[in-house]
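structure, please.
(2 chains)
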Protein chains: 2
Amino acid sequence: MIRIAIDLMGGDLGSAATLEGVNRFKKEHDDVELILVGKKEELPTDGYKVIEANDVLPMTAGALDAIRKKDSSMYKAISCVANKEADAVVSCGSTGAYLSASALILKKIPGVSRPALIAPFPTKIRGKKVVILDVGASNENSGEEIAQFAMMGNIYAKSVLEVETPKVYVLSNGTEEGKGSPEGKEAAKILSESKKLNFCGNIEAREALSGEADVIATDGFSGNVLLKGDEGIAKMMSGMIKQAFKRNIFSMLGYLLAKKGFKEMTKTMDYKNTGGAMLVGVNGVVVKAHGSSDGLAFYHAIDVAYKLAKSDLVKTIEEGLAQ
Amino acid sequence: MIRIAIDLMGGDLGSAATLEGVNRFKKEHDDVELILVGKKEELPTDGYKVIEANDVLPMTAGALDAIRKKDSSMYKAISCVANKEADAVVSCGSTGAYLSASALILKKIPGVSRPALIAPFPTKIRGKKVVILDVGASNENSGEEIAQFAMMGNIYAKSVLEVETPKVYVLSNGTEEGKGSPEGKEAAKILSESKKLNFCGNIEAREALSGEADVIATDGFSGNVLLKGDEGIAKMMSGMIKQAFKRNIFSMLGYLLAKKGFKEMTKTMDYKNTGGAMLVGVNGVVVKAHGSSDGLAFYHAIDVAYKLAKSDLVKTIEEGLAQ
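From the prediction side, this is the model:
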């Protein structure tokens, strides 16, 4: 039985949206126990193990709020993992608060220097994903930390994406050896001397989603820029596509004729289908759903937590780093 | 008369493409003198002032090559500006080589700590551009340097984009004060204490192209990630749009009905219409056209150089920094 603690609160769309994802996930899985944490009046009255929490952290909550407010749904959900009542936790609350609280409550895996937020991205190759880390757990990282991100990403890609020998890259501003930020260059040096993974060198942001790489390691600041820059331009272009089809009666008819392909495209680009980002490097499976998750997005985030808990990722990382 | 030195060589598509842009620009402007630099056999035989160069730097050329090969078309074109034979230079050759050679040959404007590559990006608001810098002249920058980028970007936006009071931001991983890389935070502190420009705080990569900002300052590494990440995803989505329309006979008909709007979108997103990136902070107007520029792209790059030389950007920056 896989046990997953769910922070029902804190999403932009309220607990009804998260609960919709929870109900769907429960219906489809009989080897999972979902523990719902939230305000009394918003918890379902039957069918679930529930934990009451009087506080809800707002989206603007920072690291300190997360630690101080011990009666918040987020704090209590994370604590389920610390107390061994759950194997994984899922929340769509404030990223900053969630990451800090998770790192502090669950503690780092022995040997891990910094936990990292790892996110799956779609690629040009249909169905293929690339994972990029750190996309925002830290604001700056050393070369050694980036090299360790690469190692954790490698283990994630093997366990979750089921890639036998993941192709691992460091994000750079040029593909030639010697290009990159000072920290990125140091990470590339460490990785090229390591025999533990299939390090393939530098990759530019332009090629990040080409399908060439399985894992891309970078510092938390530039990773965050890449993640959010991608989100921004994808949203902008989606808006432009809508505009182009709404132009006149002919273009609207054009949409009706071509919509199947466009729906597939929207599906590929939609974060709702990529599941959640995960904090790797702490003692537990910590999945962050998008703040504006609807039922479907939250369902996929639970699914990521479920798969990660099943594959015993934490133990695999611990063993991998101990080697 | 505005005098522009053109490196005819070094583009992916050869000198025929650059020459096409040159010819078109010349035809449309009678207050400009174009000085063409290239291999003897590729130079036009009449109508232009020409300078022979026996060497062409390959796309893989680095900083050292650019400086050593004094008979290259790039070196000679930049030298025209240094020798006061030209007001501006345009090249589509290797970025690394071009930036280093320009900085070394033309020298920094007094008071400038580091030159920056500044690039115009399209935004959600039709016709509105945002300029982001540094997008790759450096690999790391101090907070003071980023603050200076903001000041140079402010002057650029006033002079070239003709925005009266540009809204200036620092790229960050959160909009709240205190978010960001250590260098970004320092830059934000310096800028918020300065009264010289309209500093509006932090902006996330997600909102970079929303049309809110006129200028976004960041370090060269994360700026490069943003630029190339945007390019990558725009290319990926354009490919997906083509696929969606090519799906079957109905979707192809759909394209015929909707193509006007899509052509407009492609035009907005196409780097060929944004002109070139520019190296700010050196004694001269240095415009970098995209490596794979066709005639139209090169035309727009010359146009940027022309406008910048006309607005006497170098002097404006020098005076702005001296204040």
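
residue ranges for the strands of the stretch 51-200 of chain A, please.
A:88-91, A:116-122, A:129-133, A:167-172, A:198-204 (DSSP state E, counting those that start in this stretch).

which helices and strands does the fourth one pack with?
In this structure, strand A:167-172 makes packing contacts with helix A:143-159, helix A:182-193, strand A:198-204, strand A:215-217, helix A:220-245, judged by 3 or more Cβ pairs under 8 Å, 6 or more residues apart in numbering or on different chains; DSSP states H and E. C-beta here means a position set from N, CA and C on the backbone, and glycine is covered the same way.

for the shortest one, which helices and strands make contact with it?
Meaning strand A:215-217. Using 3+ Cβ pairs under 8 Å, 6+ apart, strand A:215-217 sits against strand A:129-133, helix A:143-159, strand A:167-172.

what residues are up against residue A:287?
Contacts here follow Cβ atoms under 8 Å, 6 or more residues apart in numbering or on different chains; on that basis residue A:287 touches A:88-91, A:275-278, A:301-302, A:304-305, A:308.

can we see that at 6 Å?
Residue A:287 makes contact with A:90, A:276, A:278, A:301, A:304, A:305 under the criterion Cβ atoms under 6 Å, 6 or more residues apart in numbering or on different chains.

ok so, going back, is it possible to export the helices and strands packed on strand A:215-217 to a markdown table including mean neighbour count?
Listed next are the helices and strands packed on strand A:215-217 as a markdown table, based on neighbours: other Cβ atoms under 10 Å in any protein chain shown:
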| stretch | mean neighbour count |
| --- | --- |
| strand A:129-133 | 26 |
| helix A:143-159 | 24 |
| strand A:167-172 | 27 |
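
pull the CA atoms of the helix or strand of chain A with the lowest mean pLDDT into PDB?
Counting by mean pLDDT, DSSP states H and E, chain A has its least confident helix or strand at helix A:249-269, which shows a mean of 81. C-alpha atoms of helix A:249-269 as PDB (Å, rounded to 0.1, in the frame of the first residue of the first chain):
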ATOM      1  CA  ILE A 249     -15.600  33.500 -40.000                       C
ATOM      2  CA  PHE A 250     -13.200  31.700 -42.400                       C
ATOM      3  CA  SER A 251     -10.500  31.300 -39.800                       C
ATOM      4  CA  MET A 252     -13.100  30.000 -37.300                       C
ATOM      5  CA  LEU A 253     -14.100  27.400 -39.900                       C
ATOM      6  CA  GLY A 254     -10.400  26.600 -40.300                       C
ATOM      7  CA  TYR A 255     -10.200  25.900 -36.600                       C
ATOM      8  CA  LEU A 256     -13.000  23.400 -36.900                       C
ATOM      9  CA  LEU A 257     -11.200  21.600 -39.600                       C
ATOM     10  CA  ALA A 258      -7.800  21.600 -37.900                       C
ATOM     11  CA  LYS A 259      -8.700  21.400 -34.200                       C
ATOM     12  CA  LYS A 260      -7.700  17.800 -33.600                       C
ATOM     13  CA  GLY A 261      -4.100  18.500 -34.200                       C
ATOM     14  CA  PHE A 262      -4.200  21.700 -32.100                       C
ATOM     15  CA  LYS A 263      -5.800  19.900 -29.200                       C
ATOM     16  CA  GLU A 264      -3.000  17.400 -29.300                       C
ATOM     17  CA  MET A 265      -0.500  20.300 -29.300                       C
ATOM     18  CA  THR A 266      -2.200  22.000 -26.300                       C
ATOM     19  CA  LYS A 267      -2.100  18.700 -24.500                       C
ATOM     20  CA  THR A 268       1.600  18.300 -25.000                       C
ATOM     21  CA  MET A 269       2.400  21.800 -23.900                       C
END
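
what packs against the helix or strand following that helix?
In the C-terminal direction, the helix or strand that comes right after helix A:249-269 (DSSP states H and E) is strand A:277-280. Under the contact criterion of 3 or more Cβ pairs under 6 Å, 6 or more residues apart in numbering or on different chains; DSSP states H and E, strand A:277-280 touches strand A:116-122, strand A:285-288.

circling back: mind putting the helices and strands packed on strand A:215-217 into CSV with distance to residue A:318 and mean pLDDT?
Formatted as CSV, the helices and strands packed on strand A:215-217 follow (distance: least, Cβ to Cβ, whole Å; pLDDT from 0 to 100):
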stretch, distance to residue A:318, mean pLDDT
strand A:129-133, 17, 94
helix A:143-159, 10, 93
strand A:167-172, 19, 97
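
can you report how many residues neighbour residue A:176?
Residues near residue A:176, counting by other Cβ atoms under 10 Å in any protein chain shown, number 12.

residue contacts, it?
Contacts of residue A:176 (Cβ under 6 Å, 6+ apart): none.

can you tell me how far the nearest residue to residue A:99 once chain neighbours are set aside sits from residue A:283?
Nearest residue to residue A:99 in three dimensions, chain neighbours excluded: residue A:137, at 5.2 Å (Cβ to Cβ, 6 or more residues apart in numbering or on different chains). Distance of residue A:137 to residue A:283, computed by Cβ to Cβ, to the nearest Å: 15 Å.

before we move on, back to that, including mean pLDDT, could the helices and strands packed on strand A:277-280 go into a markdown table?
Shown next, in a markdown table, are these (pLDDT from 0 to 100):
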| stretch | mean pLDDT |
| --- | --- |
| strand A:116-122 | 91 |
| strand A:285-288 | 94 |
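
tell me which of those is the most buried.
strand A:285-288 (a mean of 28; mean count of other Cβ atoms under 10 Å in any protein chain shown).

does the least confident helix or strand of chain A reach chain B?
Yes - residues of helix A:249-269 contacting chain B under Cβ under 6 Å from any Cβ of the partner chain: A:250, A:251, A:253, A:254, A:257, A:258, A:261, A:262, A:265.

show me which of those residues are buried.
A:251, A:254, A:257, A:258, A:261, A:262, A:265 (16 or more other Cβ atoms under 10 Å in any protein chain shown).

report the contact partners of the third one.
Contacts for residue A:257 (Cβ under 6 Å, 6+ apart) come out as B:250, B:251, B:253, B:254.

and the third one, how far is that from residue A:255?
The span separating residue B:253 from residue A:255 equals 12 Å under the rule Cβ to Cβ.

ok, the first one next?
The gap separating residue B:250 from residue A:255 is 11 Å, by Cβ to Cβ.

which among the residues of helix A:249-269 next to chain B gets closest to residue B:31?
residue A:251 (41.4 Å; Cβ to Cβ).
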